[in-house]
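K.L.:
coords please:
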Amino acid sequence: MNQRAAGILLHPSSLSNRYPIGDLGPAATAFADFLAESGQHWWQMLPIGPTGGENSPYQSPSAFAGNPLLISPDRLVEHGLLGRQDIEFSIYGSEGKVNYTAAAGLKMRWLKKAFENFEKNSPGDQQSEFDAFTHAESYWLEDFSLFLAIQGKAGTSNWTRWSQELRTRQSDAILRAQETLANDVRYHQFVQWQFSAQWKALRDYCTSKAIRLIGDIPLFVAHQSTDVWSHPELFKLNADGNPAVVAGVPPDYFSKTGQLWGLPVYRWETLQTQNFKWWVERMRTAFGRFDVNRLDHFIGFVRTYEVSAQAKTAVNGQYLPGGGATFFEAVRKALGSLPFIADDLGAITPEVVALLDQLQIPGTRVLQFEFGSKLEARSSPAALHPVKSVVYTGTHDNDTTAGWYAKLPAAQRQALQEQLGANDQEVVWAMIREALASQSVIAIVPTQDLLGLGSEARMNLPGIAKGNWQWRLKDGALNYELVQRLRSITTTHGRLGSGEAHPVLPCQEDDLRPRIAKRAYELYERRGFQNGQTTQDWLRAEREIQMEAKR
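P.N.:
As a prediction, the model looks like this:
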């Protein structure tokens, strides 16, 4: 992560294809081509596990499994597990939206058919690959597959309503379930095998294009999950298996009453007595799929905001310590030094800052927040970002930049135009320019901002349960004109990251910041990344650029 580069935020579910949801098939490799052609080297995604309540990827029934809805039927056909005639259909998703109900109905039917074909006709080498996968992933796969099999037989995903023997995982009951539901267990293992195979193929393709993947690790897991059922001692639960307290955040920018997530809270002391094994295995799985992982709600590793499970809002809660440095040291000892990005937005404390500094984890900068606060104060533009940070125009939890701008009061819109040197039509791309001109080592832009889309394209509205996670690309949106424009601005700000020459393009006297940022970073590189990028680098770069401009 030491190389200056840029990337795009897009979840695979948002890709455009002829199915009700985007997936890991041809549209994903086409998007990788778009990234490569436009000079991008990072593809950031949301969590890729099965979605939970209201289709949220942040409330998954498994912290380890892949989402079956992302499995490509086209790839199943290519590998002989389905015939082309098996996937002909007339149901399509809503224009510009994921249709989760239709996707689940179709994908589950096709996966059942693929499994039947595999059991009847698969050659020995495929069987060996399947067996090797189930063995390698046994830590989580056995429990996850059994959990889904029992769930199907019981007719409810609420494991606290299962028979007491299964709810409390009594050994005799678990053995009987494994025997009687063996075929269902094997089917769910097969589905995860196919997800893993398709994921590996996509990641290999991205690697061949010099594109690296950024994943997203939610701090918490859903109560109705394999993880809580199979490891209840790790969570603060009542005797009946329901949460005693739930996680959330106090009132903030997003919600006046806070956010009540309804997710169980960890018993960090118990995790520590087990050398954080569950978390270590979770990290092992995540880094088997991604090159870098974003730690969602990093603040929660320092302190977690707990609210009574009976509370209606998150106004009345308390902070209690998280895993802290002890946790990260255990992960380092088990897996080595891992590249993280910290979602350190929110109520930052000195302890959070100290831990990030100790671990040398890049933090997050969001231009909408920075410019918004400055516009309200009618003061100067945002301060220079640390080199060791990742800058975004906005995130999946923000409005799109166009939507955010449209909602600003007229005086603030005018102030923003003046700061950016842009008119109404160019403000979004001016914000993109600011992100790429930043000295942050990585700049990430949501796809919606590249397309200049408004609030209708927002991915998530925190505090609102329904209607999220549905946005999709439209066919042809990522066109040649966009490729050229994005590559040009990426080149201008020294983010091609491939060893290519970065020509300095002519610019106006009042638009020197991008060139100064690029020159300062080059000075920093020449020093071998020693002691961080200094103010002296920026002053020297500014003097050099100004002298060149006067010649």
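
K.L.:
three-state assignment of the residue lying closest to residue 11 once chain neighbours are set aside?
P.N.:
What sits nearest to residue 11 in space, not counting adjacent residues and going by CB to CB, 6 or more residues apart in numbering, is residue 46, at 4.4 Å. To be clear about C-beta, it is placed using only N, CA and C from the backbone, and glycine gets the same treatment. The three-state label given to residue 46 by DSSP: H, G, I helix; E, B strand; the rest coil is coil.

K.L.:
for residue 46, list the residues it contacts.
P.N.:
Contacts for residue 46 (CB atoms under 8 Å, 6 or more residues apart in numbering) come out as 11, 57-58, 216, 396, 459.

K.L.:
from those, which is closest to residue 313?
P.N.:
Residue 313 has its nearest neighbour among the contacts of residue 46 in residue 58, at 19.3 Å by CB to CB.

K.L.:
surely that closest one meets residue 217?
P.N.:
No: in this structure, residue 58 is not within contact of residue 217 by CB atoms under 8 Å, at 10.3 Å.

K.L.:
shared neighbours of these two, which are they?
P.N.:
Joint contacts of residue 58 and residue 217 (CB under 8 Å, 6+ apart) are 47, 296.

K.L.:
between the two, who's got more neighbours?
P.N.:
residue 58 (25 against 21; other CB atoms under 10 Å).

K.L.:
now name the helix or strand holding that one.
P.N.:
Assigned by DSSP states H and E, residue 58 belongs to neither a helix nor a strand.

K.L.:
for it, grab phi and psi.
P.N.:
Dihedral angles phi and psi of residue 58 (degrees, to the nearest 10) take the values phi -100, psi 10.

K.L.:
that one and residue 47: what is the separation?
P.N.:
To residue 47, residue 58 is 6 Å away according to CB to CB, to the nearest Å.

K.L.:
common neighbours of the two, please.
P.N.:
Shared contacts of residue 58 and residue 47, defined by CB under 8 Å, 6+ apart, comprise 218, 296.

K.L.:
centre of the chain to the longest helix anywhere in the chain, how far?
P.N.:
Among the segments of the chain that qualify as a helix by DSSP state H, the longest is helix 182-208. Put simply, helix 182-208 sits 19 Å off its chain's centre (CA atoms, centre = their mean, to the nearest Å).

K.L.:
does the residue nearest to residue 412 when sequence neighbours are not counted belong to a helix, a strand or coil?
P.N.:
Closest residue to residue 412 apart from its sequence neighbours, by CB to CB, 6+ apart: residue 375 at 4.3 Å. Three-state call for residue 375 (three-state DSSP): helix.

K.L.:
please name the residues that touch residue 375.
P.N.:
By CB under 8 Å, 6+ apart, the contact set of residue 375 is 408, 412, 415-416.

K.L.:
any idea how far it is from residue 185?
P.N.:
56 Å.

K.L.:
from the contact counts, what lies against the strand or helix carrying residue 269?
P.N.:
For residue 269, the host element (DSSP H and E) is helix 268-273. Contacts defined by 3 or more CB pairs under 8 Å, 6 or more residues apart in numbering; DSSP states H and E place helix 268-273 against helix 324-335.

K.L.:
buried stuff in the helix it packs on?
P.N.:
Neighbour counts over helix 324-335 (16 or more other CB atoms under 10 Å) mark 324, 327-328, 330-331, 334 as buried.

K.L.:
give me the neighbour count for residue 72.
P.N.:
Look at residue 72: counted by other CB under 10 Å, it has 25 neighbours.
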